[in-house]
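J.: sequence plus predicted model, see below.
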Amino acid sequence: MDVRRLEVLRELQLRGTVTAVARATHRTPSAVSQQLKTLEREVGAPLTERSGRGLVLTPAGEALARAAADVAVAIAHAEETWRTYLASPEGRVDLALFPTGGSMFLPRLLGAVRAVPGLEVVATDVDPVHADFARLVPDFDVVLALAVGPASGWGDRDIVAVHLLDEPLDVALPVGHPLAGRDAVTPADVAGEPWIGVPADFPYERLLREVERVAGSPLRVVQRFSDTRVTESLVAAGEGVALLPRFTSGAPGSGVVLRPLAQLAPARRIAALLRRETVERPSVRVVLDALRTIAADLTA
């Protein structure tokens, strides 16, 4: 089996369409299809099948794609072993992250990698409302992802998810609010307050429904914003209360205090997603180690 044709199959598993594979590998769609047909002849089994107007992997195709990932891991490991032998970790690491994740991790991360000669991190922010973080993995070395609630889908694909931390989501109250002096608040305490909510398709929306369920009464949402900085400024102005992430909200002087939400204790899970073969790169391991250290310091 030709390694390059295995790479094409692996890309189809990750990217989902022949067109996406062609674009990523600088081939034409017909060239990609031809590579897949040649690989099928080599292995003697159908690897793809029609689904609507596109292709999906057969069970044999899925199995061989996983094996192709193993081959890619072995090649990457051999290349990086040699590179490590010759020099320190170096090169460019492309990182995708959501805005508040950038606030939490990026300043310290850039400071940490600056101490490694020849290592460069280039970061791109992504919209956390509409991002399918796992789908970003083929185009970035590391994707800093978040999930609210139990379903993330990260484990459904042949990628590595490195858990970094669970960040609590607290109730944000204006300084001087009658509830601000408490150690924690309950859904019943805040159900009657005006709320600064989020767009209906934002993951936090389901948490507001949970507050309603436990409190036994609907919430009155007076404004909706996806930008936590706007939400925090409105809370500080006394326009309402909100759920905000603990590590990037309520700084001294912000006019906002954060209180844990008893009975629900909502949180968002933050992880680094990447290809299995990418983990073998020393430059990527330096970035992962730095992310783990920052996460440990935040939760401490």
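T.: All right, it came through fine.

J.: same for the helix ranked longest in the chain, what does it pack against?
T.: Longest helix in the chain by number of residues, with DSSP state H as the criterion: helix 59-86. Judged by 3 or more CB pairs under 8 Å, 6 or more residues apart in numbering; DSSP states H and E, the packing partners of helix 59-86 are helix 3-15, helix 29-43, helix 282-299. C-beta here means a position set from N, CA and C on the backbone, and glycine is covered the same way.

J.: Val162: which of these is closest?
T.: The closest of these to Val162 is helix 282-299. By CB to CB, the value is 6.1 Å.

J.: run through who's touching the closest one.
T.: Residues outside helix 282-299 that contact it (CB atoms under 8 Å, 6 or more residues apart in numbering) are 80, 83-84, 88-93, 95, 104-105, 108-109, 112-113, 116, 119, 121, 141-142, 144, 162, 164-165, 167, 247, 270, 272, 274, 278-279.

J.: any stretches of the chain with poor pLDDT?
T.: Applying pLDDT under 70 to the chain picks out residues 82-88, 129-131, 149-153, 155-157.

J.: picking up where we left off before, now list the buried members of the contacts of helix 282-299.
T.: 80, 83, 89, 93, 95, 104-105, 109, 112-113, 116, 119, 121, 141-142, 144, 164-165, 167, 247, 270, 272, 274, 278-279 (16 or more other CB atoms under 10 Å).

J.: mind checking which of those residues land in strands?
T.: With strands defined by DSSP state E, the entries of the buried ones among the contacts of helix 282-299 inside them are 93, 95, 119, 121, 142, 144, 164-165, 167, 270, 272, 274.

J.: how about these, which pair is most distant?
T.: By the measure CB to CB, Leu119 and Glu167 form the most distant pair in these, at 26.8 Å.

J.: tell me, how many neighbours does Gln263 end up with?
T.: When neighbours are counted by other CB atoms under 10 Å, Gln263 registers 13.

J.: what about it, which SS state?
T.: coil (DSSP: H, G, I helix; E, B strand; the rest coil).

J.: ok, it touching Ala184?
T.: No - if you go by CB atoms under 8 Å, Gln263 and Ala184 don't touch, sitting 9.2 Å apart.

J.: picking up where we left off before, winner for burial among the helices and strands packed on helix 59-86?
T.: Each of the helices and strands packed on helix 59-86 was scored by mean neighbour count; the highest is helix 3-15, a mean of 20, by mean count of other CB atoms under 10 Å.

J.: which residues touch Phe133?
T.: 96, 126, 143, 145-146, 154, 273.

J.: could you find the closest non-adjacent residue to it?
T.: Ala145 (3.5 Å; CB to CB, 6 or more residues apart in numbering).

J.: for Pro178, see how far away that neighbour is.
T.: 37 Å (CB to CB, to the nearest Å).

J.: which one's more surrounded, these two?
T.: Counted by other CB under 10 Å, Ala145 and Pro178 do not tie: Ala145 has more neighbours, with 26 against 8.

J.: what residues are bridge-paired with the more buried one?
T.: Per DSSP bridges, the residues bridged to Ala145 are Ala271.
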